[in-house]
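K.L.:
sequence and predicted structure, then a few things I'm wondering about:
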Amino acid sequence: MSTDASRREFLKTAGAAIVAGAAASATTPAGAHAQDGYPGDFKVAPIDNVRIGFVGIGLQGGGHVENFLKIQGCRITAVCDIRTERTDWATKQIVAAGHPAPKVYDKGPRDFERLCETEQLDLVFTATPWEWHVPVMLAAMKNGKHAATEVPAAMTVEDCWAIVEAAEKYRKHCVMMENCNYDRNEMMAFNMVRQGLFGEIVHCEGGYLHDLRSIKFENRNEGLWRRAWSQKLNGNLYPTHGLGPIANDLDINRGDRFDYLVSMSGPSRGLQNWAAEHFPADAPQRRERFVLGDVNTSLIKTARGKTIMVQHCTNLPRPYSRIHTVQGTKGLFEGYPHRAYIEGRGRNDQWVDAATLRAEFDHPLWKDLEEQAKGAGHGGMDFIEDYRLIKCLREGTALDMNVYDAAALSSVVGLSVESVSKRGRAVDVPDFTTGRFMNTPPLGIFRM
Ligand SMILES: NC(=O)c1ccc[n+]([C@@H]2O[C@H](COP(=O)([O-])OP(=O)(O)OC[C@H]3O[C@@H](n4cnc5c(N)ncnc54)[C@H](O)[C@@H]3O)[C@@H](O)[C@H]2O)c1
């Protein structure tokens, strides 16, 4: 067993000991790993003007670039994409916003390494396809830069460990930019949770239910890479949109943690059927074979005994939903349509439309930033997450999500694949914090 592998085995056992109720100190082996002094609320000195290198400027990356050009205290000084038209586009936006032209890296799929090695940057942000997130983040941290990634951070448990180990070793932030944590309804529910309206939260549900069939078969953007993952893996390939907000409601990695998971997938029909309906008989798309079950359902048990259901469904006709159920001992919030039920408020057995609760329970950050966020991606939540990232870096506070969140939430990809392949057997979720989850303070209600 390699040193790395034995450390991971040790940490897994240590995590299991915590769940079994052992004292935290007994599970934190002196000298066994690099994270001593790397707390869950890891902070660095304030960075007055955050210099950003941006890697992967497609649909989502382009939105982030536009946001950063509107946020004070940051500059995009280097851009990287395998498509020169995208680095050209970014350069044009940056110059039009009144900033110096960025250094361009467009010499192929590993040119981000040269960017990380050469440029003086505080942060490298990647919005590349999934397979590139971890290589970009590792190159960034190794070269002394903080790392931010689009979701999911990693597609395997091994890669989740790799980013945790790099963040601890190089003492860098490594943040997964889960924009759904900043959606207005999700934030309102979180505000209501913090005010105790739902009592103790005992069960949550989330998901990513989005008909992506036409996008997966496009000859551009996500069609160039996302469909291929449906040929490789059968599990929940995109768990973090659903899990991010409910993980905050449940204090995951801040008092509680994911303990174990079971997962099942149904048959894979949607993409095959779509190809048959949209391509001629001799088209190569008609010969493609997919392994991803159209509906994947996973259940997660937390160390404190709470339950989570998380679903993935991107290959069937259906309206968009992230489910978003937050259920406690005194009531619940439910998404799509957004509504709440609070015992003792309103009529028995009747939902209250979330829109009517907004005046009272809207998250203060949304009130603060509503105007600035107008027109930004995904209803404005992408602007709010980018704003928070820069604000935390400039003030030297902990980020809203840490590397352990990136690892725990993303590990559901690999763990669901493993459980599906074992007839839905339970698989342990590693404690990437090695016990730190017990001492990390819960998230508060952020202001502007
Ligand atoms: N948070 C959200 O709501 C949300 C929405 C859409 C996409 N995403 C995520 O954003 C990421 C990108 O998705 P997208 O929709 O923008 O896809 P996209 O295909 O439009 O963009 C990817 C970009 O990366 C570039 N690229 C590919 N390999 C590269 C490499 N090795 N080095 C540099 N550039 C490279 C491509 O040329 C392209 O411009 C994915 O991780 C996806 O899951 C998140």
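P.N.:
Right, received. Where do you want to start?
K.L.:
please count neighbours and contacts with C-alpha atoms only from this point.
P.N.:
Will do.
K.L.:
how many neighbours does residue 287 have?
P.N.:
Residues contacting residue 287 under the criterion other Cα atoms under 10 Å number 12.
K.L.:
what does residue 283 give?
P.N.:
12.
K.L.:
so how far is residue 148 from it?
P.N.:
Computed with Cα to Cα, to the nearest Å, the distance linking residue 283 and residue 148 is 39 Å.
K.L.:
same thing with residue 350?
P.N.:
Counting by Cα to Cα, the separation of residue 350 from residue 148 is 42 Å.
K.L.:
same thing with residue 353?
P.N.:
The span separating residue 353 from residue 148 equals 35 Å under the rule Cα to Cα.
K.L.:
what's the pLDDT at the closest residue to residue 215 other than its chain neighbours?
P.N.:
The spatially closest residue to residue 215, leaving aside those adjacent along the chain, is residue 223, at 5.7 Å (Cα to Cα, 6 or more residues apart in numbering). Residue 223 carries a pLDDT score of 96 in this model.
K.L.:
re earlier: so between residue 353 and residue 148, which is more surrounded?
P.N.:
Counted by other Cα under 10 Å, residue 353 and residue 148 do not tie: residue 148 has more neighbours, with 25 against 15.
K.L.:
what's the burial count for whichever residue of the stretch 151-300 of the chain sits closest to the ligand?
P.N.:
Using Cα to the nearest ligand atom, the closest approach of the stretch 151-300 of the chain to the ligand is made by residue 221 at 3.4 Å. Using other Cα under 10 Å, the number of residues around residue 221 comes to 15.
K.L.:
correct me, but it touches residue 57?
P.N.:
No. In this structure residue 221 lies outside contact range of residue 57 using Cα atoms under 8 Å: 10.3 Å.
K.L.:
now the host helix or strand of residue 383: how far from the chain's centre is it?
P.N.:
The secondary structure element spanning residue 383 is helix 381-395 (assigned by DSSP states H and E). Helix 381-395 has its C-alpha centroid displaced from the chain centroid by 15 Å (Cα atoms, centre = their mean, to the nearest Å).
K.L.:
give me the contacts around it.
P.N.:
For helix 381-395, the external contacting residues (Cα atoms under 8 Å, 6 or more residues apart in numbering) are 44-50, 63-64, 67-68, 71, 73-74, 177-180, 182-184, 369, 373, 376-377, 398-400, 448.
K.L.:
next structured bit after that helix?
P.N.:
Assignment by DSSP H and E places the next element after helix 381-395 at helix 403-421.
K.L.:
next one: that following helix to chain centre, how far?
P.N.:
On the basis of Cα atoms, centre = their mean, the separation between the geometric centre of helix 403-421 and that of its chain is 11 Å.
K.L.:
wait, isn't residue 236 in contact with residue 309?
P.N.:
No. In this structure, residue 236 is not within contact of residue 309 by Cα under 8 Å, at 11.6 Å.
K.L.:
looking at those two, which is more packed in?
P.N.:
Here residue 236 and residue 309 are compared on neighbour count by other Cα under 10 Å; more neighbours surround residue 236, at 31 against 22.
K.L.:
give the contact list for that one.
P.N.:
Contacts here follow Cα under 8 Å, 6+ apart; on that basis residue 236 touches 296-298, 311-312, 412-413, 416-417.
K.L.:
weed out the non-buried ones from the contacts of helix 381-395.
P.N.:
Neighbour counting with 16 or more other Cα atoms under 10 Å marks 44, 47, 50, 63-64, 67-68, 71, 73-74, 177-180, 182-184, 369, 373, 376-377, 398-400 as buried within the contacts of helix 381-395.
K.L.:
what number of residues lie near the residue of the stretch 301-448 of the chain found nearest the ligand?
P.N.:
Here the residue of the stretch 301-448 of the chain nearest the ligand is residue 378; by Cα to the nearest ligand atom that distance is 6.8 Å. Neighbours of residue 378 under the rule other Cα under 10 Å: 13.
K.L.:
between residue 236 and residue 309, what contacts are shared?
P.N.:
With contacts defined as Cα under 8 Å, 6+ apart, the residues adjacent to both residue 236 and residue 309 are 297-298.
K.L.:
get me the contact residues on the stretch 1-150 of the chain for the ligand.
P.N.:
For the stretch 1-150 of the chain, the residues in contact with the ligand under the definition Cα under 6 Å from any ligand atom are 55-61, 80-83, 109-110, 127-130, 132, 150.
K.L.:
which of these fall in strands?
P.N.:
With strands defined by DSSP state E, the entries of those inside them are 55, 80.
K.L.:
would you say residue 67 is within a strand?
P.N.:
No. Assigned with DSSP: H, G, I helix; E, B strand; the rest coil, residue 67 falls outside any strand and is helix.
K.L.:
spatially central residue in the protein, please.
P.N.:
A centroid search over the chain (Cα atoms, centre = their mean) returns residue 178, at 3.8 Å, as the residue closest to the centre.
K.L.:
quick check, that one in contact with residue 151.
P.N.:
Yes. Here residue 178 reaches residue 151: they are 6.4 Å apart, a contact under Cα under 8 Å.
K.L.:
which neighbours do these two have in common?
P.N.:
Taking Cα under 8 Å, 6+ apart as the contact rule, the neighbours common to residue 178 and residue 151 are residue 240.
K.L.:
about what we covered before: quick check, pLDDT for the residue of the stretch 301-448 of the chain closest to the ligand.
P.N.:
95.
K.L.:
show residues contacting stretch 129-148.
P.N.:
Taking contacts as Cα under 8 Å, 6+ apart, the residues outside stretch 129-148 that touch it are 56, 112-113, 116-117, 121-127, 149-155, 159, 162-163, 166-167, 170, 172-177, 222, 225-226.
K.L.:
mind listing which of the residues you listed are in helices?
P.N.:
Secondary structure defined by DSSP state H assigns 112-113, 116-117, 159, 162-163, 166-167, 170, 226 of those to helices.
K.L.:
select, from these, the two members most distant in space.
P.N.:
Distance extremes for the ones in helices among the contacts of stretch 129-148: the farthest pair is 170 and 226 at 31.1 Å, using Cα to Cα.
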